[in-house]
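**Student:** Sequence first, predicted model second:
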Amino acid sequence: MANTEHQDFDVVVVGCGVAGLSAAVAAADAGARVAVVERSTYEERGGNTRYTAASMRMKSENEVSDDFESFLVRYSGYHIQPDFVAATALDYENWPSNVRTLPFTDPELISFFVDSVPPAVAWLKQHGVKFGGIGFYGLTPRPTPRIAVSGGGLQIIEAMTAYAEQKGVRFFYELTAQDLLLSEDGSVAGLKATQKNSQPLMLHGGAVVLACGGFEGNTEMVIRYLGSKGRYLRPVARGGYYNKGEGIAMALRAGAAPAGDYAGYHAQPIDPRSSATEAIVMAFPYGVLVNRDGQRFVDEAPGSIDAHYEETTLTIAEQKQGIAFCILDDKINRIENWKRCVRSDRPPETAPDVVTLGKKLGFDGAAASRTIAAFNQACRPGNFDPKILDGLATENLTPRKSNYAVPLDTPPFHAYPMISSNTFTFGGLKVNTNAQVVSQSGDAMPGLYAAGETVGIYYGRYPGATSVLRGAVFGRRAGEHAAQRCASARARAG
Ligand SMILES: Cc1cc2nc3c(=O)[nH]c(=O)nc-3n(C[C@H](O)[C@H](O)[C@H](O)COP(=O)(O)OP(=O)(O)OC[C@H]3O[C@@H](n4cnc5c(N)ncnc54)[C@H](O)[C@@H]3O)c2cc1C
């Protein structure tokens, strides 16, 4: 058997999405010798970050949106015991260990995240990332403002990789992190990884940053945590398939506290026939959604698409075989730019009647025709206007449709199949404001850091356009603190 290879660094970073690259660059800037371990090839590197538009919930480069903090607070956990919440008014050092390990996003962490966003944007710019405008799939105006990286996440990957390489960061592609190396005193001493040929490679270092995504690419974990509906979910883009949860699993094995909603994920409605990145179908507010039995199951237009698509998509995942069908009539073609709502590269199925559509796509078309007849009966006269929330609602129909309720009576009919994608999972690791992983005993685990999707901060609802920022903020902090830790250890050793 070949000898196991060993290499020495200060900081070992797992993953080269926005979180990993931010950690690597921050650590290298602070003088650390840095290794980045990445499971994919060079060409496919960057996980979800590679495919994101990288929109950011901000009014400008200097200011987060008004609801950024309140959204995080509102969805920071469930039914937390009031005296535990009260204890967070003390200094963090005085929090009881059960409070430090609670599965909720504590006020310290939320404030740190929010306050760190504008400086993180400025820092990304200093490292070559450029910002610009952003497109939108909705026809009504977006309720919360956004800025975006021009060229999306791919530009972050390219700019930050180039900078890191020039700073001497060593990249290992096609290398998969498997487990932590621990010293006798319990501190993290490096990483055990596996090369393409199954050969182990030990990377030694005083700190490890886990920035290797969630577990959206691991069916076993998805079903274990999200339940049987997980079998019908799939990542929204190729990058998510690389995120198989090893970072979370290895830290939990070593005693880390879990955080983030393990039963939750960020859902986007996609066309399962399409292999395109983020093949979203957001046209359903202008038609009806039926399941395989031809029944409606949700209000297709309760409010703005941006604020509600996730809830709607979660209900699609609960339907038989996790699928629904968006049925439109030919009046859709009278709406200017309606195709902006669809990023699938497949056209809708089209037929002169809904029964035929059902045969083509595999739903009960006869039942769907009856459903549409009842829906048409429940529509009331009024002005249909797709550019605003027009308030044109059904009457005496369950579930109600709250806007854009006009009869579907003009053939040909069109339909898209839709499933829920799993953009990323919410379950991850508990960290403190230094991005240090917190143990089940409430202590920072010496030498262990986490960033990006590997950190759990979301519960129930995802405040859209905050995940890239989570990667940049916690990655940067992890890299800085990890480098500092290694520098102090070197100084102590003389
Ligand atoms: C299509 C799409 C659109 C999105 N739009 C937005 C948006 O507009 N705004 C926003 O804020 N968020 C958006 N998101 C979410 C956001 O992009 C991601 O959550 C974020 O980029 C994740 O960054 P990350 O660094 O934590 O993980 P990733 O970018 O996924 O990187 C993780 C890396 O770790 C590697 N890896 C995984 N396991 C291992 C292992 N065991 N060993 C070695 N390497 C490993 C992976 O290969 C990958 O390169 C979108 C996501 C997608 C897919």
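**Tutor:** Looks like it arrived, so ask away.
**Student:** When you work out contacts or count neighbours from here on, use the C-alpha atoms and nothing else.
**Tutor:** Will do.
**Student:** Tell me which other helices or strands the longest helix belonging to the chain touches.
**Tutor:** For the chain, the helix with the greatest residue count under DSSP state H is helix 467-493. Under the contact criterion of 3 or more Cα pairs under 8 Å, 6 or more residues apart in numbering; DSSP states H and E, helix 467-493 touches strand 11-14, helix 18-29, strand 55-56, helix 107-126, strand 207-210, strand 444-450.
**Student:** hmm, it in reach of the ligand?
**Tutor:** Yes - using Cα under 6 Å from any ligand atom, we find that helix 467-493 touches the ligand at 467, 468, 469, 471.
**Student:** give the contact list for the third one.
**Tutor:** By Cα atoms under 8 Å, 6 or more residues apart in numbering, the contact set of residue 469 is 56, 117, 120.
**Student:** so which of those comes closest to the ligand?
**Tutor:** Nearest to the ligand, judged by Cα to the nearest ligand atom, of these is residue 56 at 5.5 Å.
**Student:** The closest one touches residue 148, doesn't it?
**Tutor:** Yes - look at residue 56 against residue 148 with Cα atoms under 8 Å: they come within range, at 5.6 Å.
**Student:** got the contact list for the lowest-mean-pLDDT helix or strand in the chain?
**Tutor:** Lowest by mean pLDDT, DSSP states H and E among the helices and strands of the chain is strand 131-132, with a mean of 90. Strand 131-132 is contacted from outside by 125, 147, 148, 149, 150, using Cα under 8 Å, 6+ apart.
**Student:** Give me the subset of those lying in helices.
**Tutor:** residue 125.
**Student:** Out of the contacts of strand 131-132, which is nearest to residue 476?
**Tutor:** residue 125 (13.3 Å; Cα to Cα).
**Student:** Pull the number of nearby residues for the closest one.
**Tutor:** Here the number of neighbours of residue 125 (other Cα atoms under 10 Å) works out to 16.
**Student:** Not counting sequence-adjacent ones, nearest residue to it?
**Tutor:** Nearest non-adjacent residue to residue 125, counting by Cα to Cα, 6 or more residues apart in numbering: residue 131, 7.8 Å away.
**Student:** swap in residue 452?
**Tutor:** That would be residue 471: by Cα to Cα, 6+ apart, it lies 3.8 Å from residue 452.
**Student:** backbone phi and psi for the residue nearest the centre of the chain, please?
**Tutor:** Centroid-nearest residue in the chain: residue 424, 3.8 Å away (criterion: Cα atoms, centre = their mean). For residue 424, the backbone dihedrals (degrees, to the nearest 10) come out as phi -160, psi 160.
**Student:** if I read this right, it contacts residue 453, doesn't it?
**Tutor:** Yes - using Cα under 8 Å, residue 424 makes contact with residue 453 at a distance of 7.3 Å.
**Student:** who touches both of those two?
**Tutor:** Shared contacts of residue 424 and residue 453 (Cα under 8 Å, 6+ apart): 213, 214.
**Student:** ok, residue 372 touching residue 408?
**Tutor:** Yes - proximity of residue 372 to residue 408 meets the contact threshold set by Cα under 8 Å, at 7.0 Å.
**Student:** between these two, which one's more packed in?
**Tutor:** For residue 372 versus residue 408, neighbours defined as other Cα under 10 Å are more numerous around residue 372 (24 against 21).
**Student:** That one in helix, strand or coil?
**Tutor:** helix (DSSP: H, G, I helix; E, B strand; the rest coil).
**Student:** what about it, distance to residue 409?
**Tutor:** Distance of residue 372 to residue 409, given as Cα to Cα, to the nearest Å: 9 Å.
**Student:** ok, now residue 102?
**Tutor:** Taking Cα to Cα, one finds residue 102 at 53 Å from residue 409.
**Student:** And for residue 314?
**Tutor:** As judged by Cα to Cα, residue 314 and residue 409 stand 28 Å apart.
**Student:** Between these two, which has more neighbouring residues?
**Tutor:** Using other Cα under 10 Å as the criterion, residue 314 and residue 409 rank with residue 314 on top: 20 against 15.
**Student:** Can you give me the buried ones in whichever strand or helix holds that one?
**Tutor:** In the assignment (DSSP states H and E), residue 314 maps to helix 305-317. Neighbour-count burial for helix 305-317, counted by 16 or more other Cα atoms under 10 Å, picks out 305, 306, 309, 310, 312, 313, 314, 315, 316, 317.
**Student:** OK, contacts around the fifth one?
**Tutor:** The one in question is residue 312. Residue 312 neighbours (Cα under 8 Å, 6+ apart): 298, 299, 300.
**Student:** mind running it again at 6 Å?
**Tutor:** Contact analysis of residue 312 by Cα atoms under 6 Å, 6 or more residues apart in numbering lists nothing.
**Student:** And the pLDDT at it?
**Tutor:** Note on residue 312: pLDDT of 98.
**Student:** mind listing the helices for the stretch 251-400 of the chain?
**Tutor:** Secondary structure of the stretch 251-400 of the chain, counting by DSSP state H, counting those that start in this stretch: helices at 305-317, 354-361, 365-378.
**Student:** returning to that earlier point: now that we have the residues of helix 467-493 next to the ligand, which one has the most neighbours?
**Tutor:** Neighbour count (other Cα under 10 Å) singles out residue 471 as the most crowded of these, with 28 neighbours.
**Student:** That one reaches residue 21, doesn't it?
**Tutor:** No - Residue 471 is beyond contact range of residue 21, at 9.1 Å (criterion: Cα atoms under 6 Å).
**Student:** The residue of the stretch 251-400 of the chain found nearest the ligand: what's it in contact with?
**Tutor:** Of all residues in the stretch 251-400 of the chain, residue 278 sits closest to the ligand, at 4.7 Å by Cα to the nearest ligand atom. Applying Cα under 6 Å, 6+ apart, we find residue 278 in contact with 236, 237.
**Student:** Over to residue 76?
**Tutor:** For residue 76, the contact set (Cα under 6 Å, 6+ apart) comprises 104, 105, 459.
**Student:** mind redoing it with 8 Å?
**Tutor:** Residue 76 makes contacts with 104, 105, 106, 457, 458, 459, as judged by Cα under 8 Å, 6+ apart.
**Student:** would you list those residues in CSV and tack on distance to the ligand?
**Tutor:** Formatted as CSV, the contacts of residue 76 follow (distance: Cα to the nearest ligand atom, whole Å):
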residue, distance to the ligand
104, 19
105, 17
106, 20
457, 12
458, 11
459, 15
